[in-house]
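> using only what follows, build the 3D model:
(chains A and B)
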Amino acid sequence: MKQEHGGNGTRKYGMVIDLDLCTGCGSCMVACMAENNVPFREDETDKLKSITWMRVYKLTNGKPYPETDICYLPRPCQHCEGSHGHSPCVSVCPATATDYDSQTGIVSQIYTRCFGCRYCMAACPYHARYFNWYDPIWPEGMEKYLNPNVSPRMRGVVEKCSFCFHRYQAAKDKAYLDGQKEIEEDAYQTACTQACPAGAITFGDLDNPDHAVHKLKKQPGAFRLLERLGTNTKVYYVSSREWVRRAGDNYLKTEGPKKVV
Amino acid sequence: MDSALIPNGVRRCSLGKFLVPLAVVGAVLLWGVYAMLLCWFKGLNQTNMNDNYGFALWIWADLAVIALGGGAFFTGFLKYLIGKDELKHIINYAVLIGFICYSSALLILAIDIGQPLRGWFIFWHANVHSMLTEVAFCLSCYFMVLTIEYIPLILENRQIDKVPFFHHLSHNMHGTMAVFAATGAFLSFFHQGSLGGVAGVLFGRPFAYREGLFIWPWTFFLFTWSAAAYGPCFTLLVTRITEAVTGKKLVKDNVVELLAKISGWMMTTYIIAKIIDTLYWANVTAPSKGFNLIDFYSNNGFYGIWILVMEIILGGIVPAAILITDKGRKSPVVRTVAFVLAVIGVSVNRWVMVLQVMAVPVMPFDQWALYYPSWQEVATTILPVAYGIILIMISYRYLPIFPQEAELNPAE
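Residues are numbered from 1 along each chain as shown, chains lettered A, B, ... in the order given. The predicted structure is shown next:
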């Protein structure tokens, strides 16, 4: 786009997830799996071997009734920028099978280059990376319903949320054909964003003042997961509840949660 | 039947007595090979690893055998570069043990990757920022060095040595061994350090992360240091076991005591550095990420402060204190206890830097993840042990591994 249209080219795609709106329905997880051909097995009881690019965690404030409160926290890949693109996983991959795209801010995974050492999984504090422990096998006939724009992954490689990168590519192509310099906000949206019935997930260019996320990430109650580690993520969360914000990071008993800058 | 192959001036048991234990260990080896083939053909679902435990028993085994095999490079460094000539009586065995450890590490790594046929990508698509890339390059290169160091030993077999070409080749290789020892020490500094860096650079994992010097976290230096300190203890322990099994004295006490003394002092300086590192990490690094030391050792069913005590005090301070004292060093029993404790200490350190890193929850709403290996993981980890025993048995029987053996055990 940069070369083709002469725009500045760089974007920083990210999400703002309003935890006060999330009902924990799991639509985002289902949409993500269907959109990205995420494989599953007949028996998914071992959640530590289930592949869920988008995973909804259930948080509780740990207080007894009637003060009990819960919160559902959807967790896609956080697409960490780290320091100058050195996100925790990208810098450790020995075969350059995962990359930080400075044009979009998206952390990619090159499945055909990954040889399955799983160092990136060890590096990720969010458990956002998943290993294909098994061959991807779909129920008979379901292969016909797979998304033709997303390549299924083979056994023995790592996969993760790509912010539906194939949709970005499609939007880029469409913008080019339409003679547009920029991709419209609505032209590139992730499957989870569109599937959320409560409208809890907002997606866009965090650096673009015309995109909703640009303002939403600055609202009071916004925070990022494990901010103190320096992962510099591109997924922001919002909650009016102090205990939820505090659950987003680790604090010593004497400390209070810091505000996101 | 095989007496023509046995080195001059030494005695060996009958071939039958040799083959029986060889067959037993061989059976264990075949069990490991079967498990290895299962992992290669059916995939890593044969293991108990999961998405929380991407690194587990195998990576620990890799780190541990490489640390224990550090006796090869450090003994070579002491003999060829520092000039501790007495160590020529144990250097052969140190090289053999190093060769076994490093070939085992490479084998385990080959099993541990999800796409074994793509293993070469680590060299072809190398990411220079990754510690694992440095490990792969230096490990492979150093294994080649160890092979070069082991070859002259093979050529010294009584029958092979009769061939003039091999005799001269062996002689000339011995003559240039200082160059390889220096190369080995250089490469070892980097790959031992890189293995420490593998955990130390994980800034998303506060239990593992360490600050450092330029691009190298402190664990880089601590791993190199500990391999140099503890590796010789493993060499000496295996020597002691070999002496017990063969019922012979194979290395003179002055050689053992010299290496034990150097190892003890290396261990002393290492453990001081390790304690400083632990104190800084516990009081500065971890709190800056929102963790207290006790957070890493509580609220779970396995990892407690005991493991820190076991690593630093029982596996560090105690063996170091024994080996730096004349009295402790000179007592065969006490120094053997020190060797055992040292091997446990460095193995626990590697365990902690791999498995506990994976176990500690980082997100506040996450939970501790404990893991136990599957039989396939255990079998493939025992496989290199069996292979090592077989290689030692064959090498001891047919090669002049211990130059002092004939003198210490004169034929009647």
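
> and A:P209, what does it touch?
Residues counted as contacts of A:P209 (CB atoms under 8 Å, 6 or more residues apart in numbering or on different chains) are A:K215. Heads up, the C-betas are built off the backbone N, CA and C, glycines and all.

> now the strands for the stretch 151-300 of chain B?
B:212-213, B:216-217 (DSSP state E, counting those that start in this stretch).

> by contact count, what packs against the last one?
Going back to what we said before, that points to strand B:216-217. helix B:177-200 (3 or more CB pairs under 8 Å, 6 or more residues apart in numbering or on different chains; DSSP states H and E).

> from A:C161, how far out is the residue lying closest to A:A128 once chain neighbours are set aside?
In space, and not counting its chain neighbours, A:A128 is closest to A:C77: 4.2 Å by CB to CB, 6 or more residues apart in numbering or on different chains. As judged by CB to CB, to the nearest Å, A:C77 and A:C161 stand 4 Å apart.

> hey, what's in contact with both of the two?
A:53, A:128.

> mean neighbour count, the strands of the stretch 151-300 of chain B: which tops it?
Stretch with highest mean neighbour count among those: strand B:216-217 (a mean of 22; mean count of other CB atoms under 10 Å in any protein chain shown).

> output the below-cut-off pLDDT ranges for the chain.
You didn't say which chain, so I picked chain A. Judged by pLDDT under 70, chain A has its weakly predicted residues at A:1-8, A:257-261.

> oops, chain B please
In the predicted model of chain B, residues B:412 satisfy pLDDT under 70.

> briefly note if stretch A:236-251 comes near chain B.
Yes: using CB under 8 Å from any CB of the partner chain, stretch A:236-251 reaches chain B at A:246-251.

> so which bits of that stretch are buried?
A:236-239, A:244-251 (16 or more other CB atoms under 10 Å in any protein chain shown).

> of the residues you listed, closest to B:A342?
Closest approach between these and B:A342, by CB to CB: A:N250, at 34.8 Å.

> so where's the longest helix in chain A?
Secondary structure of chain A per DSSP state H: the longest helix is helix A:165-177.

> report all helices and strands that the helix or strand that that helix is followed by contacts.
Scanning forward in sequence from helix A:165-177 by DSSP states H and E, the next helix or strand is helix A:191-195. The elements that helix A:191-195 packs onto, with contact taken as 3+ CB pairs under 8 Å, 6+ apart, are helix A:27-35, strand A:201-205.

> got the ones you listed as a markdown table, with mean neighbour count and distance to B:L146 columns?
Shown next, in a markdown table, are the helices and strands packed on helix A:191-195 (neighbours: other CB atoms under 10 Å in any protein chain shown; distance: least, CB to CB, whole Å):
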| stretch | mean neighbour count | distance to B:L146 |
| --- | --- | --- |
| helix A:27-35 | 19 | 48 |
| strand A:201-205 | 23 | 53 |
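
> list the contacts of the closest residue to chain A within chain B.
As assessed by CB to the nearest CB, chain A sits closest to B:G114 within chain B, at 2.0 Å. Taking CB under 8 Å, 6+ apart, we find B:G114 in contact with A:114-118, A:131-132, A:155-158, B:43-44.

> just the residues of stretch A:236-251 next to chain B: which are in helices?
Those of the residues of stretch A:236-251 next to chain B lying in helices (DSSP H): A:R246.

> B:F186: which of the residues of stretch A:236-251 next to chain B is nearest?
A:N250 (40.2 Å).

> let me see the contact set for the closest residue to chain B within the stretch 101-250 of chain A.
Distances between the stretch 101-250 of chain A and chain B by CB to the nearest CB are smallest at A:G116, namely 2.0 Å. Residues near A:G116 by CB under 8 Å, 6+ apart: A:131, A:156-158, B:44, B:113-115, B:118.

> pretty sure it belongs to a strand, no?
No: read with DSSP: H, G, I helix; E, B strand; the rest coil, A:G116 is coil and lies in no strand.

> nearest spatial neighbour of it, chain-adjacent residues omitted?
B:G114 is the one closest to A:G116 (CB to CB, 6+ apart), at 2.0 Å.

> how far away is B:L117 from A:F115?
Here B:L117 is placed at a distance of 8 Å from A:F115 (CB to CB).

> of those two, which one has the most company?
A:F115 (24 against 10; other CB atoms under 10 Å in any protein chain shown).

> need the nearest residue in space to the more buried one, chain neighbours excluded.
Distances taken as CB to CB, 6+ apart put B:R118 closest to A:F115, at 3.8 Å, once the chain neighbours are dropped.

> do B:A286 as well
Spatially, and ignoring its direct neighbours in sequence, B:A286 is nearest to B:P206 (5.5 Å; CB to CB, 6+ apart).

> give me the number of residues near the one you found?
25.

> closest one to B:D51 out of the contacts of B:G114, please.
Set against B:D51, the nearest of the contacts of B:G114 by CB to CB is A:F131 (6.1 Å).

> just confirm that closest one contacts B:N52, I think it does.
No: applying CB atoms under 8 Å as the test, A:F131 and B:N52 come out as separate, 10.6 Å apart.

> higher neighbour count, these two?
Taking neighbours as other CB under 10 Å, A:F131 and B:N52 compare with A:F131 leading, 25 against 21.

> tell me the spacing between the more buried one and B:I113.
Plainly put, A:F131 is 11 Å away from B:I113 if you go by CB to CB.

> give the residues shared as contacts by the two.
Common neighbours of A:F131 and B:I113 (CB under 8 Å, 6+ apart) are A:116, A:156.

> now do the contacts for residue 81.
Picked chain A for this. A:12, A:87, A:100, A:105, A:232-234.

> my bad, chain B
Contact partners of B:L81, counting by CB under 8 Å, 6+ apart, are B:178, B:181-182, B:185.

> ditto for A:K174
A:A187.

> any idea whether B:G315 is helix, strand or coil?
Taking three-state DSSP, the label given to B:G315 is helix.

> likewise for A:L59?
strand.

> from B:T183, how far out is the closest residue to it other than its chain neighbours?
Of all residues not flanking A:L59 in the chain, A:C71 sits nearest, at 4.5 Å (CB to CB, 6+ apart). Computed as CB to CB, the A:C71 to B:T183 distance reads 58 Å.

> write out the residues of the stretch 51-200 of chain A neighbouring chain B.
A:57, A:59, A:73, A:82, A:86, A:88, A:91-97, A:113-119, A:121-127, A:129-135, A:154-158.

> right, I'll leave it there.
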